[in-house]
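>>> when you get a sec, could you give me coordinates for this:
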Amino acid sequence: MKKIIIKNTDLEIAPINFGGNVFGWTLDEKQSFSILDAFHNKGFNFIDTADTYSWWVNGKGGQSETIIGNWMKQRGNRNEMVIATKVGSQTKEHGFDISKKHILKSVDESLQRLQTDHIDLYYTHFDDDTTPVEETMEAYAEIVKAGKVRYIAASNVSPERLRESFDVAEKNGFPKYVALQPHYNLVERQKFESEYEPLVKEFNLSVFPYWALAAGFLTGKYRTEADFSKSVRGEGVRKYMDDKGLAVLKALDEVSAKHNSQPATVALAWLLAHPSITAPIVSATSQNQLQTLFDAPELQLDAEDLQLLDTSSL
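The predicted structure is shown next:
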């Protein structure tokens, strides 16, 4: 499989980023190991998690990192993996927080759960909109210098604060963000394309979109009112069941039939065909779902396919 270098780093990844939010939530440790083994055995090596996954289950999170850490220790494959985790999200114990104190405490806790001496990519998960940017970037500089983190990235940060982060890093000689993790998919295009993509180009960022399948809507499994009860995420996709969403599903059906593929695979291939996108973040809870991810980098959409998908999703 063709590997990609994350821009401004020496990290080499396969073009699908596995979303670890399911570990310890909809998958227990044994099930998680099975999925991780299959993912790794197919040549994929990039896993995304967060210190707070899944805080909505136990109030504080940590389960996902713990499972990933246990898996890497048992398999002895830490050096083969690229591990991304995050800091700053809320839990039942605290609000959004990217203060220096919180970052320095959280990175050590993540390292312990992951059973590793370094994190490859460390994200600002959510901005708290109160901590001075200088304080946050100084904290990152400290943990990068200490070797605890190799590179830093940003997720839910406003365009204004993102730009300020680059200005502060440039002025102080701090490490700069190398990647962006935005909310972007076929039914959520406007914000990334209008507000963030110009910054991605300006600062030469790699892009790893989350909710790449719109919480499962783009798999095509939600098509009627009754379908919303199919999974724990069902109610979260109800908002997409409008004229635009149905038009996107119709286009996905048409393109997937043409290529003897699946809607989810086509939706991921559409992202991979986008010049600004490096590797979509997507999770799976079964071997069948995993196969739709494995197939995406192999599916080459033609100009007609891309035009149909683009038009349906405007």
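>>> going forward, measure contacts and count neighbours with C-alpha atoms only.
OK.
>>> for the stretch 101-250 of the chain, which segments count as strands?
For the stretch 101-250 of the chain, applying DSSP state E, counting those that start in this stretch gives strands covering 119-126, 149-156, 177-180, 206-207.
>>> pLDDT of the last one, averaged?
Read that as strand 206-207. For strand 206-207, mean pLDDT is 98.
>>> which secondary structure elements does it contact?
strand 177-180 (3 or more Cα pairs under 8 Å, 6 or more residues apart in numbering; DSSP states H and E).
>>> contacting residues around stretch 164-178?
Stretch 164-178 is contacted by residues 6-9, 133-134, 137-138, 140-141, 144, 151-154, 204-206 when judged by Cα atoms under 8 Å, 6 or more residues apart in numbering.
>>> filter those down to just the ones in helices.
The helices, defined by DSSP state H, take in 133-134, 137-138, 140-141, 144 from those.
>>> so which of the residues you listed wins on neighbours?
Each of the ones in helices among the contacts of stretch 164-178 was scored by neighbours using other Cα atoms under 10 Å; the highest score is Tyr140's, at 28 neighbours.
>>> sorry, back to before: can you lay out the strands of the stretch 101-250 of the chain as CSV showing mean neighbour count?
Formatted as CSV, these follow (neighbours: other Cα atoms under 10 Å):
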stretch, mean neighbour count
strand 119-126, 23
strand 149-156, 22
strand 177-180, 25
strand 206-207, 24
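>>> looking at those, which is closest to Ile47?
Proximity to Ile47 (Cα to Cα) singles out strand 119-126 among those, at 10.1 Å.
>>> mind listing what the closest one pairs with, with the direction of each?
With DSSP bridges as the test, strand 119-126 is paired with strand 82-87 (parallel), strand 149-156 (parallel).
>>> all helices of the stretch 151-300 of the chain, in order?
Ranges of helices in the stretch 151-300 of the chain, per DSSP state H, counting those that start in this stretch, are 159-172, 190-191, 197-203, 243-258, 263-273, 287-295.
>>> output the below-cut-off pLDDT ranges for this structure.
Across the chain, the ranges flagged by pLDDT under 70 are 232-233.
>>> again, only this time at 80
Where the chain drops to pLDDT under 80, the residues are 225-226, 228-236.
>>> that older thread, show me the one of the strands paired with strand 119-126 that comes nearest Leu114.
With respect to Leu114, and counting by Cα to Cα, the nearest of these is strand 82-87 at 9.2 Å.
>>> any idea how far the closest one is from the chain center?
Strand 82-87 has its C-alpha centroid displaced from the chain centroid by 10 Å (Cα atoms, centre = their mean, to the nearest Å).
>>> got a list of contacts for it?
Residues outside strand 82-87 that contact it (Cα under 8 Å, 6+ apart): 11-13, 45-52, 97-98, 103, 106-107, 110, 119-126.
>>> again, 6 Å this time
The contact list for strand 82-87 (Cα atoms under 6 Å, 6 or more residues apart in numbering) reads 45-51, 120-125.
>>> same check on stretch 122-141?
Here stretch 122-141 makes contact (Cα under 6 Å, 6+ apart) with 84-89, 96-97, 99-100, 152-157, 174-175.
>>> only whichever of these are buried, select them in PyMOL.
This is the PyMOL syntax for the buried subset of these, where burial follows 16 or more other Cα atoms under 10 Å:
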select buried, resi 84+85+86+87+88+89+96+97+99+100+152+153+154+155+156+157+174+175
